[in-house]
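In: can't give you the sequence, but here's the structure:
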C-alpha cells in the first residue's frame, strides 16, 4: 500500500506510517486511519520503513516490534536522525522488558494486541497534539549532562 495523498508540507503532519509484517493487521490499521482522513503509508518490515522515512515526512509512526529488522531499528532510525516523530509500538508481546526498553528509548506509546480502534485513535490524537518523539529524549539527556546536581548542605 502506498501513499493515499500527495506528500506536501501541509499533509506531512497528518501523514502516518504503519509498519507490520502481518498483512491483515497492517491493512486494517491503514483502513482505519484512512477513514479518518489521514494520508497513510505502509511498510512490511524495518528496512522498507526506513526507506519510507527517508523519502517522506510523517506526523506519527505505528510499528510492530517482532518483524523482520525489528521495531527498535525503526525507533533508533528516528532518534538518530533527530526527528520529532512519535513512534507508537503495537505488538503482540506483553513483555515488561520490551515495554521498559521502548519507554527508555523514547517510544511515544506501547500498545498490546489486540487493541481497540478507540485506543489507537486516542493515542494518535495525543501523539499529534504533543508531537514528541525519541529525538526529544536525546535532547533532554544531552541537556542533563551539562547540569550540576543538586547537593544538600551546600554553602549558603
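Out: Happy to help now that I have it. All values derive from a computational prediction rather than experimental measurement.
In: so where's the chain shaky on pLDDT?
Out: Applying pLDDT under 70 to the chain flags the ranges 1-13, 132-156.
In: Roughly how far does the residue nearest to the spatial centre of it sit from residue 24?
Out: Central residue of the chain (CA atoms, centre = their mean): residue 87, 0.9 Å from the mean position. Distance, residue 87 to residue 24, using CB to CB, to the nearest Å: 22 Å. Where C-beta positions appear, they are placed from N, C-alpha and C, glycine not excepted.
In: and if you look at residue 90?
Out: 13 Å.
In: Neighbour count: the two, which is higher?
Out: Of the pair residue 90 and residue 24, residue 90 is the one with more neighbours under other CB atoms under 10 Å, namely 24 against 8.
In: That one reaches residue 26, doesn't it?
Out: No - Residue 90 lies out of contact with residue 26 (CB atoms under 8 Å); the separation is 10.1 Å.
In: Touching both of those two, which residues are there?
Out: Common neighbours of residue 90 and residue 26 (criterion: CB atoms under 8 Å, 6 or more residues apart in numbering): residue 20.
In: Return the residues in contact with the closest residue to residue 22 other than its chain neighbours.
Out: The shortest distance from residue 22 to any non-neighbouring residue, by CB to CB, 6 or more residues apart in numbering, is to residue 64 (7.1 Å). Neighbouring residues of residue 64 by CB under 8 Å, 6+ apart: 19, 20, 21, 22, 25, 71, 89, 90, 91.
In: Compare those and tell me which has the most neighbours.
Out: Busiest of those [other CB under 10 Å] is residue 19, holding 29 neighbours.
In: Which residue ranges of this protein form helices?
Out: All helices of the chain, identified by DSSP state H, fall at 9-12, 23-35, 46-55, 71-80, 96-104, 117-130, 134-145.
In: Which positions in the fourth one come out as buried?
Out: With burial defined by 16 or more other CB atoms under 10 Å, the residues of helix 71-80 counted as buried are 71, 72, 73, 74, 75, 76, 77, 78, 79.
In: No more questions from me, cheers.
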